[in-house]
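Q: fold the following and give me the result.
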Amino acid sequence: MNSNPCILILAAGASSRMKEAKQLLPWGNTSLIRHVIKTALATKGKATFIVLGANHQRISDEIKEEKVSILLNEDYESGISSSIAVGIKGILQTQQPSGILIMLSDQPFISSAYLDKMIDTFTDNNFRIVSTDYGNKIGVPAIFGVEYFQDLQQLKGDLGASRLILESINHGVALHAGKAIQDIDTMEDYLKHRPAATP
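A: Numbering: from 1, shown residues only. Coordinates of the predicted model:
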């Protein structure tokens, strides 16, 4: 049986298609980034870390009251893999988890219940990777066992961890998240999906 994994939120991107810091956009009664952090904090995760890059000072100010450890990726423009590497290295400086759950800051419909389902699947079985089935691909959120930490730190470019998941498919399982995997990539996505604030 594995211990509960740490959670790593990737939020370093410059939101080039959004043309503004989407992490700071209003989401209900909070911001998009704080909503995702609160989702992570409500799970069984051992500890929560977040990787920032573009607009890191503004985002740090926004989340300063949240119980999350901030890691800075100064090389964020080289692709998401650099954020994964920074995140894994930062976590291992203070933690010794059996796994790390990697999630994105622009998937606000991923619920704490779904993440806990992933954590339970990881902790109660011998799967070394628990990923998310998009229907046409497999990706994050995903939990990686300790034996993948070194490989995750050596990823390059903007493909993220998808290649590693596919190469290790026989050692893992992919769960279905349904419509919860909707990304907020463009202003059109945001305007279409954002929840209204409540009084």
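
Q: which other helices and strands does the longest strand seen in the chain contact?
A: Assignment by DSSP state E gives strand 138-145 as the longest strand of the chain. For strand 138-145, the packing partners by 3 or more C-beta pairs under 8 Å, 6 or more residues apart in numbering; DSSP states H and E come out as strand 99-104, helix 112-124, strand 129-133, helix 162-167. All C-beta atoms are positioned from the backbone trio N, CA, C, and that covers glycine.

Q: the second one to strand 138-145, inter-axis angle?
A: So the one you mean is helix 112-124. Counting by axes from the mean of the first three to the mean of the last three C-alpha atoms, to 10 degrees, helix 112-124 lies at 50 degrees to strand 138-145.

Q: each with direction, which strands does the longest strand of the chain pair with?
A: Sheet pairing of strand 138-145 (DSSP bridges) gives strand 99-104 (antiparallel), strand 129-133 (antiparallel).

Q: looking at those, which is nearest to residue 117?
A: When these are compared by C-beta to C-beta, strand 129-133 sits nearest residue 117, at 9.1 Å.

Q: highest mean neighbour count out of the helices and strands packed on strand 138-145?
A: Stretch with highest mean neighbour count among those: strand 99-104 (a mean of 25; mean count of other C-beta atoms under 10 Å).

Q: one step back: using a markdown table, lay out the strands paired with strand 138-145 together with mean pLDDT and distance to residue 2.
A: Shown next, in a markdown table, are these (pLDDT from 0 to 100; distance: least, C-beta to C-beta, whole Å):
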| stretch | mean pLDDT | distance to residue 2 |
| --- | --- | --- |
| strand 99-104 | 97 | 6 |
| strand 129-133 | 95 | 10 |
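
Q: fine by me, thanks again.
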